[in-house]
Structure formats: structure tokens, C-alpha cells
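Trainee: Have a look; sequence and predicted model below, questions after that.
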Amino acid sequence: MNIGDIIFQLFAILVPIVFIVAIIFFVRSSKKRKEQLDRIEEKLDRISGNNL
């Protein structure tokens, strides 16, 4: 087995792993962003409710 074959196999294994990790990271970050926006919206609702 030469070095080119080893590099190709590592690349072929790492590409799907990186793709899956990127999808998981995107889903988790968008979920956290939604939760943060919900908390901000709740705080704004409380503030605007107190000023009326």
C-alpha cells in the first residue's frame, strides 16, 4: 500500500464524518438560536406589559 492510497482512504473516511458533524452543528446552533430568541421575546413581552 503506498502513501497515495492511504491519503485517499483517510480522505474518503473523513469527508462523510465532517459532513455529518457539520449537519449536527448546524441543527444544534439553530435550535439554540431559536431558544435564545424565545427568551428575548418573553423578556420583551414582560417589559412592554409592565409599561402599559
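Mentor: Received the coordinates, thanks. Numbering: from 1, shown residues only.
Trainee: For Lys31, grab the count of nearby residues.
Mentor: Lys31: 10 surrounding residues under other CB atoms under 10 Å. C-beta coordinates here come from the backbone N, C-alpha and C atoms, glycine included.
Trainee: how about the helices of the protein, start to end?
Mentor: With helices called from DSSP state H, the chain shows them at 3-51.
Trainee: Below-threshold pLDDT in it: ranges please.
Mentor: Confidence mapping of the chain against pLDDT under 70 gives the ranges 51-52.
Trainee: Let me know the distance separating Phe19 from Phe8.
Mentor: Relative to Phe8, Phe19 is positioned 17 Å away (CB to CB, to the nearest Å).
Trainee: Next: Ile20.
Mentor: In this view, Ile20 and Phe8 are 20 Å apart by CB to CB.
Trainee: Likewise for Arg28?
Mentor: According to CB to CB, Arg28 and Phe8 sit 31 Å apart.
Trainee: Over to Leu44?
Mentor: Leu44 sits at a distance of 54 Å from Phe8 (criterion: CB to CB).
Trainee: With Arg39 instead?
Mentor: Arg39 sits 47 Å away from Phe8, taking CB to CB as the criterion.
Trainee: cool, Val21 as well?
Mentor: Distance, Val21 to Phe8, using CB to CB: 21 Å.
Trainee: same check, this time on Ile17
Mentor: Between Ile17 and Phe8 the computed distance is 15 Å (CB to CB).
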